[in-house]
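Colleague: the sequence isn't on hand, but the structure is:
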């Protein structure tokens with residue numbers, strides 16, 4: 001959990017910047033959180049994502065990611081802000097309440113379940129997601145965690161398998177980054 005006073009945010013920023021990998025995410029109280037990437041070494045995925053939250057209201061996640069195959073791609077906040085072994089070290093979906101995997105509009109879902117991005121024929125996904133469960137402060141804060149784009153569609157927990165209830169059968173992690181801070 002992270003404090004929201006500006007000195008704590010600046011202290012966290014200095015720690016977080018050394019952990020960035022391929023994608024970088026930055027946010028503070030004064031600036032929306034954003035993500036920008038250099039080309040992903042394996043997949044060539046790049047883009048920008050902004051996170052914004054006013055008070056205790058919903059968080060808006062909007063952005064543009066390119067280099068994807070056309071179609072649906074699972075999009076999740078994962079529990080760990082660790083990319084030392086690429087996307088495989090980001091841990092499971094962020095799930096502080098111990099719920100099953102689900103769709104973004106489901107009450108019973110992981111906090112980190114953001115559903116699917118839709119990449120067009122050019123491999124670009126442009127999106128705006130308004131989510132009531134993720135936050136930039138408090139228990140459900142995504143700061144210091146990671147965001148992951150998957151190779152396959154997320155079945156939203158409706159796949160009738162055990163894996164569906166934990167990962168949504170979204171497949172390989174093709175891009176990831178640590179959510180950090182910026183002044």
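Modeller: Arrived safely, thanks for sending. All of these numbers come straight from a predicted model, not from anything done at the bench. Numbering: from 1, shown residues only.

Colleague: any idea which element the residue nearest the centre of the chain lies in?
Modeller: Most central residue of the chain, judged by C-alpha distance to the mean C-alpha position with CA atoms, centre = their mean, is residue 147 at 2.6 Å. Following DSSP states H and E, one finds residue 147 within strand 146-150.

Colleague: likewise residue 51?
Modeller: strand 46-53.

Colleague: that strand: which residues count as buried?
Modeller: Neighbour counts over strand 46-53 (16 or more other CB atoms under 10 Å) mark 46-47, 49-53 as buried. No exception for glycine: its C-beta is placed from N, CA and C like everyone else's.

Colleague: is it possible to get TSV of the residues you listed that adds distance to residue 105 and pLDDT?
Modeller: Formatted as TSV, the buried residues of strand 46-53 follow (distance: CB to CB, whole Å; pLDDT from 0 to 100):
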residue	distance to residue 105	pLDDT
46	29	83
47	24	77
49	20	76
50	21	79
51	19	82
52	20	86
53	18	87
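
Colleague: for those residues, give me a markdown table that also has distance to residue 65.
Modeller: Formatted as a markdown table, the buried residues of strand 46-53 follow (distance: CB to CB, whole Å):
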| residue | distance to residue 65 |
| --- | --- |
| 46 | 7 |
| 47 | 3 |
| 49 | 7 |
| 50 | 12 |
| 51 | 14 |
| 52 | 17 |
| 53 | 21 |
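
Colleague: so where do the strands sit in the protein?
Modeller: Using DSSP state E, the strands of the chain run over 23-26, 33-37, 46-53, 59-66, 71-78, 84-87, 113-119, 125-131, 146-150, 173-179.

Colleague: so what strands line up beside the strand holding residue 147?
Modeller: Applying DSSP bridges to the sheet, strand 146-150 is found paired with strand 71-78 (antiparallel), strand 173-179 (antiparallel).

Colleague: pick out the shakiest of those strands, pLDDT-wise.
Modeller: Among those, strand 173-179 carries the lowest mean pLDDT, at a mean of 85.

Colleague: now the angle from it to strand 46-53?
Modeller: Counting by axes from the mean of the first three to the mean of the last three CA atoms, to 10 degrees, strand 173-179 lies at 50 degrees to strand 46-53.

Colleague: sounds good, over and out.
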